[in-house]
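Enquirer: Provided below for reference: sequence and predicted model.
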Amino acid sequence: MARVEEPPASPDEDVGAATEEEQLATAVSPEIVANSFGEYMRAWWARVRGGDTGILPVVGGLLLISIIFQSLNSHFLTAGNLVNLLVQGAVFMLLAMGEVFALLLGEIDLSAGFVAGLGGVIAAELVKDSTGWPWWAAVIVALLVCAAIGALQGTIITRLGLPSFVVTLAGLLAWQGVMLLILGTGIGEVPINDRTIGDFANGILTPAASWIVMIAIVGAFGAMTWFRDARRRASGLVAPPVSLTALKIVAVAAAGIIVVMICNTNRGTAFRSIRGVPWVVLIVLGVLAAWTFVLGRTRFGRYIYAIGGNAEAARRAGINLALVRTAAFSLASFTAGIAGLIYASRLRSISTNIDGGTLVLYAVAAAVIGGTSLFGGRGKARDAVIGGIVVAAINNGMGLQGYSTAARLVVTAIVLLAAVTIDAVFRRGRTARV
């Protein structure tokens, strides 16, 4: 008998004593039996009516935003603008995916914007002609430094018991100061001299390579999803109906085809054709796949949800709260470092003009708008990507209309407030029913 698979919830039982399969089973809430797609849809609708709306609000909001901006400017949904929107939103998506690690714990990381900037500065400094490092070594060092920053902040938070808001706010100021120290000795800007790093955000695949990569990604996803669900059904574990597994694979394939078709549409001029999927889209998908696996398929990921849902219960279950929290902050800063490399790549330089404060606020907004709870214990890496697209769509659409930065910030704030209000209302409703 197959049962509907739900996002991990915070266990109130002895996680340390439970077996691996028992932990997977107890991670599903509520336990709803579904033998067919019809039963699954009825169970899903019952959860929606009960307040568990999932990504419906943000998807509906994204559709509404698209309709509004398309009606105001017919250029909004053109292939060129949609690809540009994805490239613009990549930094928001990556920063938000890092922020998800902190938010799932009920914490926050305000330093991510300038940690990202510092990662870009380190990579740019190492690939300068006077330094001459290979691009891959510069990227590794930059990301390791960012991860170490996160580990340091996480250690201070967990070992000294200080609020993450205060520690990461101090980090925001400190890492901005470090950036100024490194860049302030000259013109305050370091160009990206390496072509490979420059292509992270500006490079594109050929149309043929775009199709090949898409087929490979969909094929890998389909095979993994099908065999995983089949194995779990054969073992009597929590798994969706066969029809739903097939529908997921078809939906991902359809999304991949649409994205590649849009990206392969010529968005250049009569004199220069520009076609193909940008590299940065693949980078975002790679990070999304990695963090989705970490949060959804590993013991570490389940521990993060457990701590965010009920830290005391997790501690009594034998989870090392300090270690998990420190590792989560390290991964958050590591992801911010990736965002910093994309930011520097897109501008082909990194300077003191980077507004890390605004970037981190956009990152938090993107994660929350996408569905990650500010109260901890609920959210996915996917939420950050969807929320990042919403934030990028608002900025892009209002930019096409010629609105000022002030107006964009106000509208983003309104959308964020609406998302938090929806989360709080449904959370109170679920608590009242329990």
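Expert: Looks like it arrived, so ask away.
Enquirer: so how far is stretch 148-161 from its chain's centroid?
Expert: 22 Å (CA atoms, centre = their mean, to the nearest Å).
Enquirer: return the alpha-carbon coordinates of that stretch using CSV.
Expert: What follows is stretch 148-161 as a C-alpha-only set of coordinates in CSV (Å, rounded to 0.1, in the frame of the first residue of the first chain):
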residue,chain,number,x,y,z
ALA,A,148,34.9,28.9,7.2
ILE,A,149,33.2,32.3,7.9
GLY,A,150,29.8,30.5,8.3
ALA,A,151,31.4,27.9,10.6
LEU,A,152,32.9,30.7,12.7
GLN,A,153,29.6,32.5,13.0
GLY,A,154,27.8,29.3,13.7
THR,A,155,30.3,28.4,16.4
ILE,A,156,29.8,31.8,18.1
ILE,A,157,26.0,31.4,18.0
THR,A,158,25.9,27.8,19.3
ARG,A,159,28.8,27.8,21.8
LEU,A,160,28.2,31.2,23.3
GLY,A,161,24.4,31.1,23.0
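Enquirer: which residues belonging to that stretch are considered buried?
Expert: The neighbour-count check on stretch 148-161 (16 or more other CB atoms under 10 Å) flags 149-158 as buried. Heads up, the C-betas are built off the backbone N, CA and C, glycines and all.
Enquirer: do you know how far Val416 is from His75?
Expert: Not quite, residue 416 is Leu, not Val. Distance from Leu416 to His75, counting by CB to CB, to the nearest Å: 26 Å.
Enquirer: more neighbours: which of the two?
Expert: Counted by other CB atoms under 10 Å, Leu416 and His75 do not tie: Leu416 has more neighbours, with 20 against 12.
Enquirer: number of nearby residues for the closest residue to the more buried one other than its chain neighbours?
Expert: In this structure, Leu416 finds its nearest non-sequential neighbour in Ala365, 4.4 Å apart by CB to CB, 6 or more residues apart in numbering. Around Ala365 sit 25 other residues, with neighbours defined as other CB under 10 Å.
Enquirer: before we move on, what about Asp355?
Expert: Asp355 has 12 neighbouring residues, counting by other CB under 10 Å.
Enquirer: which element is the nearest residue to it once chain neighbours are set aside on?
Expert: Of all residues not flanking Asp355 in the chain, Gly113 sits nearest, at 7.3 Å (CB to CB, 6+ apart). Assigned by DSSP states H and E, Gly113 belongs to helix 112-126.
Enquirer: what packs against that helix?
Expert: helix 79-104, helix 135-160, helix 164-183, strand 189-191, helix 321-347, strand 349-351, helix 356-370 (3 or more CB pairs under 8 Å, 6 or more residues apart in numbering; DSSP states H and E).
Enquirer: now render these as JSON lines, adding mean pLDDT.
Expert: Shown next, in JSON lines, are those (pLDDT from 0 to 100):
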{"stretch": "helix 79-104", "mean pLDDT": "94"}
{"stretch": "helix 135-160", "mean pLDDT": "96"}
{"stretch": "helix 164-183", "mean pLDDT": "93"}
{"stretch": "strand 189-191", "mean pLDDT": "88"}
{"stretch": "helix 321-347", "mean pLDDT": "96"}
{"stretch": "strand 349-351", "mean pLDDT": "90"}
{"stretch": "helix 356-370", "mean pLDDT": "90"}
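Enquirer: closest one to Thr265 among the ones you listed?
Expert: helix 79-104 (3.7 Å; CB to CB).
Enquirer: what pLDDT does the closest residue to Thr358 other than its chain neighbours get?
Expert: Using CB to CB, 6+ apart and skipping the chain neighbours, the partner closest in space to Thr358 is Gly113 (7.2 Å). Looking at Gly113, its pLDDT stands at 94.
Enquirer: do Met41 as well
Expert: Reported pLDDT for Met41: 76.
Enquirer: part of a strand, is it?
Expert: No: applying DSSP: H, G, I helix; E, B strand; the rest coil, one finds Met41 to be helix, outside a strand.
Enquirer: neighbours around it, how many?
Expert: 13.
Enquirer: please tell me how far it sits from Val48.
Expert: Met41 sits 10 Å away from Val48, going by CB to CB.
Enquirer: and Ser243, by the same measure?
Expert: 19 Å.
Enquirer: cool, Leu63 as well?
Expert: Distance from Leu63 to Val48, by CB to CB: 17 Å.
Enquirer: what's the answer for Ala407, then?
Expert: Distance from Ala407 to Val48, by CB to CB: 33 Å.
Enquirer: again with Leu409
Expert: According to CB to CB, Leu409 stands 32 Å off from Val48.
Enquirer: neighbour count: the two, which is higher?
Expert: Ranked by neighbour count (other CB under 10 Å), Leu409 and Val48 place Leu409 first, with 16 against 12.
Enquirer: confidence score at the more buried one?
Expert: Listed pLDDT for Leu409 reads 82.
Enquirer: quick one: it is in a helix?
Expert: Yes: counting by three-state DSSP, Leu409 falls inside a helix.
Enquirer: Gly296 reaches Lys380, doesn't it?
Expert: Yes: using CB atoms under 8 Å, Gly296 is in contact with Lys380, at 7.4 Å.
Enquirer: of those two, which one has the most company?
Expert: For Gly296 and Lys380, the more surrounded residue by other CB under 10 Å is Lys380, and the numbers stand at 24 against 17.
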